[in-house]
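Visitor: give me coordinates for this.
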Amino acid sequence: MNCIVEDKVIFPAVDTELSFALEHAEEENEFGKLRCLIENIQNAGANSPSTEFYSKLCSHADHIMEIIEKHFHNEEVQVLPLARKHFSPKRQRELLFQSLCVMPLRLIECVLPWLVGSLNEEDAMPFLHNMHMAAPASDTALVTLFTGWACKGRTGDTCLSSNATGCCPDEELS
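Guide: Prediction:
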């Protein structure tokens with residue numbers, strides 16, 4: 001999914017000839033192997049030597065994580081500096097929002113709480129604020145939905161969205 005965002009939003013925006021096509025192909029291949037392992041486990045059912053299958057599954061999942069971490073590192077080193085150099089903060093916000101809009105909603109529902117939960121409050125608030133600022137007025141409901149999902153990743157009583165966007169979906173509903 002990350003590759004769709006890159007190909008449709010980020011790479012055209014930085015107008016660069018960077019290509020992660022080989023990495024994307026390798027990732028797709030590895031995910032295909034993982035799907036096959038899972039299907040084998042499901043098909044084998046109770047008759048399978050589950051320890052062997054689960055060992056293979058865990059090993060393959062670890063391998064995929066290594067590939068993805070390497071991919072993210074390469075992008076952070078090659079793509080993000082170009083975006084910071086060539087785009088104003090306003091354009092960076094727009095790219096953030098466009099990137100979110102390309103992703104399926106079910107994925108965003110999982111990713112936003114994880115992302116915002118991994119940030120400290122000083123970084124989470126500007127992230128939400130930038131997402132809100134980048135959205136066109138016609139997408140207010142979508143931003144409210146995204147904000148609500150993002151805030152699910154936070155613990156404690158502090159509602160980041162009320163400070164970042166002027167609205168907290170949880171507060172408005174109660």
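Visitor: where in the chain is the helix or strand with the lowest mean pLDDT?
Guide: helix 169-173 (a mean of 46; mean pLDDT, DSSP states H and E).
Visitor: can you pull the contacts of Ile67?
Guide: Going by CB atoms under 8 Å, 6 or more residues apart in numbering, Ile67 touches Glu23, Glu26, Glu27, Glu30. For glycine as for every other residue, the C-beta is placed from the backbone atoms N, C-alpha and C.
Visitor: and the closest residue in space to the first one that isn't next to it in sequence, what pLDDT?
Guide: Spelled out, that is Glu23. Leaving aside its sequence neighbours, Glu23 sits nearest to His71 (CB to CB, 6 or more residues apart in numbering; 5.1 Å). Note for His71: predicted pLDDT of 80.
Visitor: His71 touches Ala25, doesn't it?
Guide: No: checked against CB atoms under 8 Å, the pair His71 and Ala25 is beyond contact range at 11.6 Å.
Visitor: between these two, tell me which one has more neighbours.
Guide: Remark: of His71 and Ala25, His71 carries more neighbours, 18 against 11, as counted by other CB atoms under 10 Å.
Visitor: distance of the more buried one from Gly153?
Guide: His71 sits 23 Å away from Gly153, going by CB to CB, to the nearest Å.
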